[in-house]
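>>> For reference, the sequence and a predicted model appear below.
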Amino acid sequence: MARPALRKMDRPEEGGPRLAHLDRDRRLVEAAQADPARFEALYRKYLAQVYSYAYYELRDHHDAEDVTERTFLAALTNLGRFEERARPADGEGASTFRVWLFRIARNAVAERSRRRRRRPEATLDAAVTVAAPHDVEAEAALHDDAAAAWRAVGRLRGDRRRAVILRFVDEMSTAEIAGILDRSEGAVRVLIHRALRSVARDLDDRAR
């Protein structure tokens with residue numbers, strides 16, 4: 001089995017050049033930078049993930065669609081300025097493009113939240129169907145517990161909620177989440193630990 005490609009960083013550290021795993025999206029990014037029409041491959045790859053993130057943050061399909069469109073438009077417009085910064089600590093499957101894309105999405109969500117006026121919002125009961133299987137019986141069995149859990153997640157504040165969504169909805173690594181939230185990996189682990197503890201306590205209190 002072939003080993004993952006490695007590349008030397010431009011600035012070597014003491015003791016020799018630093019090696020970094022090749023960003024798994026590098027070929028797609030380079031193709032899109034050479035021909036914007038080929039950005040579609042990146043769009044298809046990450047569309048569902050960006051939309052899920054936006055929906056769980058905003059809890060509204062229309063707003064999530066708007067944020068998703070704005071995110072990919074901004075990514076396409078600024079793709080020429082994207083710089084790969086993969087590190088060995090990120091793991092063999094790391095994608096710094098995905099981190100960069102979700103940083104754009106995070107900013108778009110924040111902007112949408114600032115601009116949004118008061119109006120009825122979808123609850124996290126509906127949000128569970130984004131990640132749940134499309135089997136009717138399975139959805140029925142999982143709905144009550146999952147909806148209660150995601151309502152509890154929705155009551156989390158700020159980065160605690162975002163960290164949980166990125167980890168368990170978009171299945172991102174701690175390193176990727178750290179890059180998106182501008183925090184250390186240790187801080188992200190603490191965020192997720194405290195978030196899950198808060199969710200468990202919330203569910204326990206409401207079950208009494």
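Everything's here; your move.
>>> for the protein, what helix or strand is lowest in average pLDDT?
Lowest on mean pLDDT, DSSP states H and E among the helices and strands of the chain sits strand 6-8, with a mean of 38.
>>> For burial, what's the neighbour tally of residue 195?
Look at residue 195: counted by other CB atoms under 10 Å, it has 23 neighbours. All C-beta atoms are positioned from the backbone trio N, CA, C, and that covers glycine.
>>> Quick check: which element contains the residue nearest to it when sequence neighbours are not counted?
Among residues not flanking residue 195 along the chain, residue 160 sits closest, at 4.1 Å (CB to CB, 6 or more residues apart in numbering). Element membership for residue 160, per DSSP states H and E: helix 158-168.
>>> Next, the contact list for the closest residue in space to residue 78 that isn't next to it in sequence, please.
In space, residue 78 comes closest to residue 104 once its chain neighbours are excluded; the distance is 8.0 Å by CB to CB, 6+ apart. Listed by CB atoms under 8 Å, 6 or more residues apart in numbering, the contact partners of residue 104 are 71, 74-75, 78.
>>> May I have the residues that are in contact with the residue positioned nearest the centre of the chain?
Centroid-nearest residue in the chain, with CA atoms, centre = their mean: residue 166, separated by 4.3 Å. Residue 166 makes contacts with 53, 102, 172, 176-177, 180-181, as judged by CB under 8 Å, 6+ apart.
>>> picking up where we left off before, what does the pLDDT read for the residue nearest to residue 78?
For residue 104, the pLDDT comes out at 94.
>>> same deal with residue 75?
94.
>>> Burial check on it, number of neighbours?
Per other CB under 10 Å, the neighbour tally for residue 75 reads 22.
>>> what's the answer for the one 5 residues further on, then?
Neighbour count for residue 80, taken as other CB under 10 Å: 9.
>>> related to what we said a few turns ago, among the contacts of residue 104, name the buried ones.
Those of the contacts of residue 104 that meet the buried threshold are 71, 75, by 16 or more other CB atoms under 10 Å.
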